[in-house]
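K.L.:
make a model of this:
(chains A and B)
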Amino acid sequence: ETGVTQSPTHLIKTRGQQVTLRCSSQSGHNTVSWYQQALGQGPQFIFQYYREEENGRGNFPPRFSGLQFPNYSSELNVNALELDDSALYLCASSRDRVNSPLHFGNGTRLTVT
Amino acid sequence: ELKVEQNPLFLSMQEGKNYTIYCNYSTTSDRLYWYRQDPGKSLESLFVLLSNGAVKQEGRLMASLDTKARLSTLHITAAVHDLSATYFCAVPNSGYALNFGKGTSLLVTP
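P.N.:
Residues are numbered from 1 along each chain as shown, chains lettered A, B, ... in the order given. Below is the predicted model:
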């Protein structure tokens, strides 16, 4: 059984640029959630995708957007990067959209300079 | 707004000692999750507590849930260095999201 994989592992961008992070969900999982973890903080929910549609969203501005593909993999896009966007971005997949245990990937470390 | 508070946020303890980490949350929930995170790594699921009075144990860690008090505890027995990590509790919010506490950074020293 393949776990959740994320790419790239590390990324350095300049303020104002755009970035795309990718996530492959665990086999048999149809739901993907994205979390942002700033240094020294707990993860914060960005949004969730279920069967290619956004199923819920946290308190993040519209420049954070996402996609889910028919194979249930997902992308997180961030436009107009700000310094505060520097964080570990975690993708988690689950068997269903509600109350299913989350399986986290190893994350993408984004640094915005 | 659902708030999840952990204490302590930092904990340094000697090997062999016992200690408890507390997790309080502000709204009704019948389930709670505990995760472990090593530096620079992702989150590893430790426990899923699904009902009031639930107790789960794995090795030197034991977690419990009191939904009426909105409180979960993570008890560490006879700590060893390998337990050094950051521990998070998380509570479901609206069914599809988890609200995490700020984490308890645990350091076990000889």
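
K.L.:
how about the residue in chain B that chain A sits nearest to: which residues does it bridge to?
P.N.:
As assessed by Cβ to the nearest Cβ, chain A sits closest to B:F100 within chain B, at 3.3 Å. (C-beta placed from N, C-alpha, C; glycine too.) Beta-bridge partners of B:F100, counted by DSSP bridges, are B:A90.

K.L.:
interface residues of chain A facing chain B?
P.N.:
Neighbours of chain B within chain A, by Cβ under 8 Å from any Cβ of the partner chain: A:33, A:35, A:40-45, A:48, A:50, A:55-56, A:58, A:90, A:92, A:97-99, A:101-107, A:109.

K.L.:
give the contact list for the residue nearest to A:F69 when sequence neighbours are not counted.
P.N.:
With sequence-adjacent residues excluded and distances taken as Cβ to Cβ, 6 or more residues apart in numbering or on different chains, A:F69 is closest to A:E52, at 7.0 Å. Going by Cβ atoms under 8 Å, 6 or more residues apart in numbering or on different chains, A:E52 touches A:L67, A:Q68, A:F69, A:P70.

K.L.:
among those residues, the buried ones, what's the ChimeraX command?
P.N.:
In ChimeraX syntax, the buried subset of the contacts of A:E52 is picked out as below (16 or more other Cβ atoms under 10 Å in any protein chain shown):
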select /A:68
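
K.L.:
contacting residues around whichever residue of chain A sits closest to chain B?
P.N.:
Across chain A, the shortest distance to chain B (Cβ to the nearest Cβ) belongs to A:G42, at 3.3 Å. Counting by Cβ under 8 Å, 6+ apart, A:G42 touches B:V4, B:F88, B:A90, B:F100, B:G101, B:K102, B:G103.

K.L.:
please name the nearest non-neighbouring residue to it.
P.N.:
Of all residues not flanking A:G42 in the chain, B:F100 sits nearest, at 3.3 Å (Cβ to Cβ, 6+ apart).

K.L.:
my guess is that neighbour meets B:P92, correct?
P.N.:
No - at 11.1 Å, B:F100 and B:P92 do not qualify as touching, with contact defined as Cβ atoms under 8 Å.

K.L.:
the more surrounded of those two?
P.N.:
B:F100 (22 against 18; other Cβ atoms under 10 Å in any protein chain shown).

K.L.:
quick check: which ranges of chain A have low pLDDT?
P.N.:
Confidence mapping of chain A against pLDDT under 70 gives the ranges A:1.

K.L.:
which residues in it form strands?
P.N.:
For chain A, the strands defined by DSSP state E occupy A:5-7, A:10-13, A:19-24, A:31-37, A:44-50, A:53-57, A:64-68, A:74-78, A:87-94, A:103-104, A:108-112.

K.L.:
among these, which is nearest B:N52?
P.N.:
strand A:87-94 (23.4 Å; Cβ to Cβ).

K.L.:
nothing else from me, thank you.
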